[in-house]
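Undergrad: Here is my input; please provide its structure:
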Amino acid sequence: MSNVNGNSFCSWQRKAFGFRRKGERKISVEAMESTLKEMRNGDSVLDMSDKSGVAGGVEDIYGEDRATEDQLVTPWSFTVASGNSLLRDPRYNKGLAFTEAERDAHYLRGLLPPVIMPQELQEKRLMHNLRNYKVPLQRYMAMMDLQERNERLFYKLLIDNVEELLPVVYTPTVGEACQKYGSIFRRPQGLYISLKEKGKILEVLKNWPERSIQVIVVTDGERILGLGDLGTQGMGIPVGKLSLYTALGGVRPSVCLPITLDVGTNNQQLLDDEFYIGLRQRRATGQEYDEFLDEFMAAVKQNYGEKVLVQFEDFANHNAFKLLTKYGTTHLVFNDDIQGTASVVLAGLVAALRLVGGNLADHTFLFLGAGEAGTGIAELIALEISKKTEVPLEEVRKKIWLVDSKGLIVSSRKESLQHFKKPWAHDHEPIKDLVDAVKAIKPTVLIGTSGVGKTFTKDVVEAMASLNEKPLILALSNPTSQSECTAEEAYTWTEGRAIFASGSPFDPVEYNGKVYVPGQANNAYIFPGFGLGIIMSGTIRVHDDLLLAASEALAAQVTEENYAKGLIYPPFSDIRKISANIAAKVAAKAYDLGLATRLPRPKDLVKYAESCMYTPVYRNYR
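TA: Residues are numbered from 1 along each chain as shown. Sure, this is the predicted structure:
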């Protein structure tokens, strides 16, 4: 964090907030920041070696976001919204719920039918309509239309029906929506910043109507879910993620900003599509790409300040690690594919210990997929084991094996490996096939992050079942079509002994008269609460210990009733409570590390988190 002149913290500030200069660091397991720290040549996010910071951001001067449900608020726009303009403002529109007094005061007489329909009845009517749609993409489009028309009703619907609607507004349906985004495009949501805006990105950011932004989700569309390069049509991902930040984590929608960076696409099918909405050119790379991202990150900090959380989403592996490494010590950045996935999977593994027994250190892990998700999960598992056992990180990594498209990652391949794979190159003879790797490594946990469907074949799953009484199988690739195996396959091929979780949802499975409920290792468990914890504490850097805190908080929410069904994640119906607990643990760790700036520290962080959460109940207007 820096002052307005761009100078680094002075010594008294460092002491006050607990920061240390590079030469003052104590090397310990807890202070380690995994591979990213090694890639930065030892630089830590706790060093605060930023020289580019600019303070910024604007307060909510009208107090609307701090109002309780019972307080009267003024629906401010640039003027007091009334009449037709009020009905067309999604933040203030209540549809048929406007009262008689409000219709008189805001010139709505005649613009609405005479009936007054409360929010609960509106919600019931919309759910009835949504359930009549047979095609998931139609439900998605109906929800997006509602978000653009009536913001509070959209979030009320999503919060109250989260288990039913989460697959609609996010994975798996959002994948199809991104593939067809050009054809279904109606109104722009978020900011599109293309190479044409290079040199004036700050001006583009200033075009966004909101000034106080706390969370940005940004993508360049190169690796959308397991679907590949979708270019500008990847905008569905930031829009969907930020909807979940609000619905599940309570971050108010006015402080959320979805952004797509359009640097071109290498998807020839899109380049040839007359309805494609992005630049018709091949992807920018090298210096041109780096300069564009540098300008973007500098502009974000200049316009919104030090404490805006920038979440990188669905960047290709070669850029994802580079960006997280490059900006981790200078900006508040988070990569959900690397860090969020790792945190939610670690939570599931910690919870699963109640079913399989032992400690994490007692288990052997085998991954299919060594990209940003696979290596991110592996590193966080290693950090957690290292922290609990005080065994050096390098030693712990030897219990974790990764398989990529060329086979088992071993020492003899080290010279040809990408930098983020090198820590996982262990001494072993080369093995090409996954089933042979399972037989040789004898893992207790099999994790799929390959993005390739049907790769956990019958032979692979049966090999896991022959080695383990309760094989732990996580098929994490999204969407459902790319899952390494289905829930039914996992339970059937292990004769009902598998503990299974997937990235996308699967229906319960009946096998030999017993119903098995598959868990979903969905990042939506982690990132909304994680983001809320960052925001409410004024945290200025993301440290790995914050991710470990989030994992432990999520695992603690799994109840005996959940375990009885074979679940290693709590139900999404409790997600707001779960998010509040995660936010509290993340904030507590940030205060402990000296990364939090919102002082004094609240006494009850869970209650404080709940009090910070956005509620979508209609407000009464003067």
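Undergrad: how about Phe334, secondary structure?
TA: Classification of Phe334 using DSSP: H, G, I helix; E, B strand; the rest coil returns strand.
Undergrad: ok, now how distant is it from Arg223?
TA: Applying Cβ to Cβ, to the nearest Å, the value for Phe334 to Arg223 is 17 Å. For the C-beta atoms, the positions are set from N, CA and C on the backbone; glycine is no exception.
Undergrad: ditto for Pro471
TA: In this view, Pro471 and Arg223 are 29 Å apart by Cβ to Cβ.
Undergrad: mind checking the longest strand of this structure?
TA: Secondary structure assigned by DSSP state E gives strand 256-262 as the longest strand of the chain.
Undergrad: mean confidence for that one?
TA: Confidence over strand 256-262, taken as the mean pLDDT, stands at 98.
Undergrad: Measure how far the helix or strand just after that strand is from the centre of its chain, please.
TA: Per DSSP states H and E, the first helix or strand lying C-terminal to strand 256-262 is helix 268-271. Put simply, helix 268-271 sits 28 Å off its chain's centre (Cα atoms, centre = their mean, to the nearest Å).
Undergrad: And stretch 407-414, by the same measure?
TA: 31 Å.
Undergrad: same check, this time on stretch 205-222
TA: 16 Å.
Undergrad: residues of that stretch that come out buried?
TA: By 16 or more other Cβ atoms under 10 Å, the buried positions in stretch 205-222 come out as 205, 211-222.
Undergrad: same deal with stretch 547-564?
TA: Result for stretch 547-564 [16+ other Cβ under 10 Å]: buried residues 547-558, 562.
Undergrad: And stretch 169-185, by the same measure?
TA: So, applying 16+ other Cβ under 10 Å, buried residues of stretch 169-185: 169-182, 184.
Undergrad: bridging residues for Val80?
TA: For Val80, the beta-bridge partners are Trp76 (DSSP bridges).
Undergrad: my guess is it meets Thr74, correct?
TA: Yes: using Cβ atoms under 8 Å, Val80 is in contact with Thr74, at 6.3 Å.
Undergrad: Next, show the common contact partners of the two.
TA: Counting by Cβ atoms under 8 Å, 6 or more residues apart in numbering, no residue touches both Val80 and Thr74.
Undergrad: Export the buried residues of stretch 547-564 as TSV, with columns for pLDDT and distance to Gly286.
TA: Output for these, formatted as TSV (pLDDT from 0 to 100; distance: Cβ to Cβ, whole Å):
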residue	pLDDT	distance to Gly286
Leu547	96	31
Leu548	95	35
Ala549	97	37
Ala550	97	35
Ser551	97	36
Glu552	96	41
Ala553	97	41
Leu554	97	39
Ala555	97	42
Ala556	96	45
Gln557	96	45
Val558	95	46
Asn562	90	49
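Undergrad: Looking at the residues you listed, which are in helices?
TA: The helices, defined by DSSP state H, take in Leu547, Leu548, Ala549, Ala550, Ser551, Glu552, Ala553, Leu554, Ala555, Asn562 from the buried residues of stretch 547-564.
Undergrad: Mind giving me the packing neighbours of the longest strand of the chain?
TA: With contacts taken as 3 or more Cβ pairs under 8 Å, 6 or more residues apart in numbering; DSSP states H and E, strand 256-262 sits against strand 191-194, strand 215-219, helix 236-249, helix 286-304.
Undergrad: Contacts for stretch 165-184, please.
TA: So stretch 165-184 is contacted by 130, 136-137, 139-141, 143, 157-158, 224-227, 230, 232-237, 240-241, 243-244, 270, 273, 275-277, 478-481, 503-505, 522, 524, 572 (Cβ under 8 Å, 6+ apart).
Undergrad: swap the cut-off to 6 Å and go again
TA: 136-137, 139-141, 143, 158, 224-225, 227, 230, 233-234, 236, 240, 243, 275-277, 478-480, 504-505 (Cβ atoms under 6 Å, 6 or more residues apart in numbering).
Undergrad: what do you get for stretch 246-263?
TA: Counting by Cβ under 6 Å, 6+ apart, residues outside stretch 246-263 touching it are 65, 155, 158-159, 190-195, 210, 212-220, 232, 235, 238-239, 242, 245, 278-279, 283-284, 289, 524, 528-529, 531-532, 575, 579, 613-614.
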